Structure formats: structure tokens, C-alpha cells
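**Q** only geometry, no sequence info:
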């Protein structure tokens, strides 16, 4: 007889949306997504959660909650989440006060997503690898000796804020300039489109640019958008090469909603890796894509 895994209430907090769901193993049973309107308003998030989860908790007899959240999380406290303007956010304690009988765990969203890939996906049985999630920012983890590398102060693998451009580059929400995520994220792609358009001889109106709008323009072969996507892929490839030079991975797995669009060019990444003789590195898209964080949040309770 196959033993069914316990259902977990999973929360994946992102810069643009907050995904929630009931997860059993690597399967999402129920799913809902909400626009993240709590940037700079962390005190309003927990009351919202307490309202929307009651039905699921009762329906599935939930006793466990897993949370993936951006930023530096130390001793279960979101010390800083730059893109959300959250500081010293005791999210776990606040939820624990509402659900005192629940087992609740919180982890950085990139690490949570990596855990899903390590447990169920393409990093299973991989000794050394890199997992990258592209969203409003760029997250993920380094996997060393089959484990997520956390470093000396639980901040290891925070490569979204690795500087890839010079000091005159874009300002990042972390306060530095030229960070990986300011160029390789979805927001980075949008900004690259705007920059190229602004400096073109014949700029055209490009308002309300978002992921879906960019995909639509790309499908219609908009020349400025196509040029920006090529530059965006080069920025991604250069950054991944820098990570590969540090870790010497056998596998590099990419996730995030943008990987469902077909805009990321795996061959550009492989070509860049070959320049430094990383011919045998496996570069693939995660099967979880935009749901990696949600499955990972649930896997924290495994």
C-alpha cells in the first residue's frame, strides 16, 4: 500500500504576487495567487492570511504551514527583504500566534524552491549544482555535496546581489549598483527594453510593460523588445558563467514564471559556458517552473 503524504498549506511570497496552495508531496491540490500589495506594509499581511486560509485548513485538516519568503531570514525573522521594504518582520511568530497548534516553518524563498528541486526534481542525486529562480528579483541556491549551501551566517548563495556591471550601473533595492537581479530578473528585462527604447533613434511608446506585455511584443517580433531580450540573455549567461567559475557545477537548473515564456535562451548560456570549457554542464529548465517556491515551501515540513 502506498502511504499518502500529509497535505501542507504552502505560501510562496514574491515581489509581484503571493502564491498559496495545498501541497501533497510534489503535487499542488489547490492553488490561489494574490497580487502583492503589502510592500512596505508588513503589518497588514498576517491579518490577510488569517482570513483566507480558514476554509482550506478546515477542509484538509491542515496542521502544518510552510512559508518561502524573500530576503535574509535569521532565527525565523525576516531581517530584511529589500524588494518588499520589509524589516525585522516576525512573520512566523505572528502566524504562530494565530495558529498555536500548527507546525510552521519559514525559509528564504530561493532556498525553499531549491529544496523542491533537490527532493523531487532535476537536482535529485546531483552533488554540485546551481538553482536559479527568476522573478521580480533573482534567487536560488548553490548546492554543494548534495546540500544547500547556507554559509557561516545563513546568508550563503545570495547571488541575486552579485554585482555584474560597473559602478555607474542600475541602482538595486539593496542599495548597491549593478546587481545580478537588476539585469537578469523580469523587472531587469523590462528596464532593458526601456533603456534601449530611450536610446534608439526612433523611440516608440512602450507603456505598462509587464511580463505578459513583453511576451506579446516578443511574439510580434517588436525590434526593440527582441534586441532587449538578446541583451537580457547575455546578462544572464555572463552571470551564470561567473557562478560556474566559483562552484564548478555539473547541473544548472532555472525556474520562475518567466521560464514558461520561452524567452530564456538555454543555448546562449551553454555557449557562454563553453567559452571557459564548461562543455559538459547540464543546463535545463525546472519542471516546477513558477511553482517551485510553492512546492519548496511545503517541502520544508518534509
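**A** Structure's in. What do you need? If you're wondering where the values come from, they're calculated on a predicted model, not measured in any experiment.

**Q** so who does the closest residue to residue 191 other than its chain neighbours touch?
**A** If the residues on either side of it in the chain are set aside, residue 191 comes closest to residue 170, at 6.7 Å by CB to CB, 6 or more residues apart in numbering. Heads up, the C-betas are built off the backbone N, CA and C, glycines and all. By CB atoms under 8 Å, 6 or more residues apart in numbering, residue 170 lies in contact with 177-179, 182-183, 188, 191.

**Q** Residue 221 too?
**A** Neighbours of residue 221 in contact, by CB under 8 Å, 6+ apart: none.

**Q** ok, now residue 270?
**A** Residue 270 makes contact with 281, 283, according to CB under 8 Å, 6+ apart.

**Q** Apply 6 Å and report the result again.
**A** By CB atoms under 6 Å, 6 or more residues apart in numbering, the contact list for residue 270 reads residue 283.

**Q** which SSE is it in?
**A** Applying DSSP states H and E as the criterion places residue 270 in helix 266-274.

**Q** tell me which residues in that helix are buried?
**A** For helix 266-274, burial by neighbour count (16 or more other CB atoms under 10 Å) applies to 268-270, 272-273.

**Q** Run the chain-centre distance for the following helix or strand past that helix.
**A** Once helix 266-274 ends, the next helix or strand along the chain (criterion: DSSP H and E) is strand 282-285. Centre-to-centre, strand 282-285 and its host chain are 16 Å apart (CA atoms, centre = their mean, to the nearest Å).

**Q** what's the following helix or strand after strand 282-285?
**A** Immediately after strand 282-285, counting by DSSP H and E, sits helix 292-299.

**Q** what's in contact with that following helix?
**A** For helix 292-299, contacts defined as CB under 6 Å, 6+ apart pick out 8, 10-12, 19, 21, 23, 26, 66-68, 109, 112-113, 115-116, 119, 255, 286, 288.

**Q** Burial check on residue 196, number of neighbours?
**A** When neighbours are counted by other CB atoms under 10 Å, residue 196 registers 19.

**Q** Now do the helices in the stretch 101-250 of the chain.
**A** Counting by DSSP state H, counting those that start in this stretch, the stretch 101-250 of the chain has helices at residues 109-120, 180-184, 186-199, 211-219, 223-247.

**Q** Tabulate the ones you listed in TSV, adding columns for mean pLDDT and distance to residue 88.
**A** Below are the helices of the stretch 101-250 of the chain laid out as TSV (pLDDT from 0 to 100; distance: least, CB to CB, whole Å):
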stretch	mean pLDDT	distance to residue 88
helix 109-120	96	18
helix 180-184	94	22
helix 186-199	91	25
helix 211-219	85	31
helix 223-247	95	30
